[in-house]
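In: The sequence and its predicted three-dimensional model are supplied below.
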Amino acid sequence: MISRRNLATLLGAGATAAAAMGGLITPAAAQSADESTFDRIRRTKKLRIGAVAGGAPYYNKDLATGQWKGFYIDISKALADELECQLEITETTWGNSVLDLQANKIDIFFGLNPTPKRALVVDFSVPVFSNAFTMLTRKDFAPKTWAELNDPNVKIAVDVGSSHDQVVSRLCPKAQIVRLKTADEATMALVSGRVDAQCIILMLALTVRKKNPNVGQLLVPTPVFSTTSNAGFRRENDKTWRDYVNTWIEYNKGLGFIRSAIVTNMELVGVTEADMPAGIQL
């Protein structure tokens, strides 16, 4: 016969065992909930990327067919093929891409310029290529330096939250900075005469001028400031995904694939390396 004292002892031991088992089970459940990006990609066989409509030659969406093109689409497809995955494309903007990474809507976003502010919340890959900051200006406005642009009488259009926004905010704080939703809207502000200039990285500037020669002049203010185009990742403890992509980028840069993808897509929009300003290279 079991006494009350022995029964209490048994119940206490059972509770302790249950707690111990719970302690063992909880981490397993947490591990499933906190599945790393790399493990999820390998499990689901799906690679989720963000892409910007109207961001040629980086990204471009055919509004009639819904098909995507651009060198970062080609690069993403090659990465997905390497992983034996299906590529899933989510439309985003340059400004919202970081938020989409944080929200775990996408696994990677190619085309992010690394900044200290962004590095507080997302991780970056090694550089894919380098890009100079340029200005598209109205035809009768030809500033040669950033100092000339830093004038209260000068209106500069940028797409809000982008690297263009950040560099103009830092170098031209006295100018009137007109922040618009997209780079296309900033270009329209220039074409319509609402602003004097648009800050835009070289790759996009070359494409814009090819599509619309009347947009104005393409200038590279001195001193020349450049940025790198990198991939962004959701911040997580497991860095396997970031490390894998870094290895993949460096390997394919060495093979010439990255450069080939960029040049080929530039040519599709009518841009050749001969169109680049003197002294500026990829």
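Out: It's in. Residues are numbered from 1 along each chain as shown.

In: Can you give me the domain boundaries for the protein?
Out: 37-130+227-275, 132-226 (automatic domain parsing).

In: which residue ends up closest to the midpoint of this protein in space?
Out: Centroid check for the chain by Cα atoms, centre = their mean gives L112 as the closest residue, at 3.1 Å.

In: Show the pLDDT at the closest residue to it other than its chain neighbours.
Out: Using Cβ to Cβ, 6 or more residues apart in numbering and skipping the chain neighbours, the partner closest in space to L112 is G232 (4.0 Å). Backbone N, C-alpha and C define where each C-beta goes, glycine included. Looking at G232, its pLDDT is 98.

In: Is G232 in contact with D107, as I believe?
Out: No - counting by Cβ atoms under 8 Å, G232 does not reach D107; the two are 10.2 Å apart.

In: These two: which is more packed in?
Out: A direct count of neighbours by other Cβ atoms under 10 Å for G232 and D107 places G232 higher, at 27 against 23.

In: Wasn't that one part of a strand?
Out: Yes - assessed with DSSP: H, G, I helix; E, B strand; the rest coil, G232 lies in a strand.

In: Look up the residues forming beta bridges with it.
Out: G232 forms beta bridges with F109, F124, as assigned by DSSP bridges.

In: cool, K69 as well?
Out: K69 has these beta-bridge partners by DSSP bridges: N60.

In: From A278, how far off is it?
Out: Going from K69 to A278 by Cβ to Cβ, to the nearest Å gives 29 Å.

In: Between the two, which has more neighbouring residues?
Out: K69 (17 against 5).

In: Break down the chain into its helices, ranges please.
Out: For the chain, applying DSSP state H gives helices covering 4-33, 37-44, 71-82, 97-102, 116-119, 146-149, 163-171, 183-191, 202-211, 240-255, 257-268.

In: Would you mind giving these as TSV with mean neighbour count, mean pLDDT and distance to M135 added?
Out: Below are the helices of the chain laid out as TSV (neighbours: other Cβ atoms under 10 Å; pLDDT from 0 to 100; distance: least, Cβ to Cβ, whole Å):
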stretch	mean neighbour count	mean pLDDT	distance to M135
helix 4-33	10	42	47
helix 37-44	16	98	37
helix 71-82	20	98	23
helix 97-102	20	97	23
helix 116-119	12	91	23
helix 146-149	18	98	7
helix 163-171	20	94	9
helix 183-191	21	94	10
helix 202-211	22	89	8
helix 240-255	16	98	29
helix 257-268	17	90	20
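
In: Any idea which of these gets closest to T137?
Out: Shortest distance between T137 and these, using Cβ to Cβ, is found for helix 183-191: 7.7 Å.

In: helices or strands up against that closest one?
Out: Applying 3 or more Cβ pairs under 8 Å, 6 or more residues apart in numbering; DSSP states H and E, one finds that helix 183-191 contacts strand 129-137, strand 155-159, strand 176-180, strand 197-201.

In: which of those is buried the deepest?
Out: Mean neighbour count, computed with mean count of other Cβ atoms under 10 Å, is highest for strand 197-201 among the helices and strands packed on helix 183-191, reaching a mean of 28.

In: how big is the angle separating it from strand 155-159?
Out: Interaxial angle, strand 197-201 versus strand 155-159 (axes from the mean of the first three to the mean of the last three Cα atoms, to 10 degrees): 40 degrees.

In: contacting residues around strand 197-201?
Out: Where contact means Cβ atoms under 8 Å, 6 or more residues apart in numbering, the residues beyond strand 197-201 that reach it are 131-138, 141, 143, 149, 154-158, 163-165, 167-168, 183, 186-187, 189-190, 208, 227.

In: Rebuild the helices and strands packed on helix 183-191 as a markdown table, extending it with mean pLDDT and distance to Y244.
Out: Compiled in a markdown table, the helices and strands packed on helix 183-191 are given as follows (pLDDT from 0 to 100; distance: least, Cβ to Cβ, whole Å):
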| stretch | mean pLDDT | distance to Y244 |
| --- | --- | --- |
| strand 129-137 | 94 | 20 |
| strand 155-159 | 97 | 30 |
| strand 176-180 | 98 | 36 |
| strand 197-201 | 96 | 27 |
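
In: Could you dump these into TSV with distance to A80 added?
Out: Below are those laid out as TSV (distance: least, Cβ to Cβ, whole Å):
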stretch	distance to A80
strand 129-137	20
strand 155-159	27
strand 176-180	32
strand 197-201	25
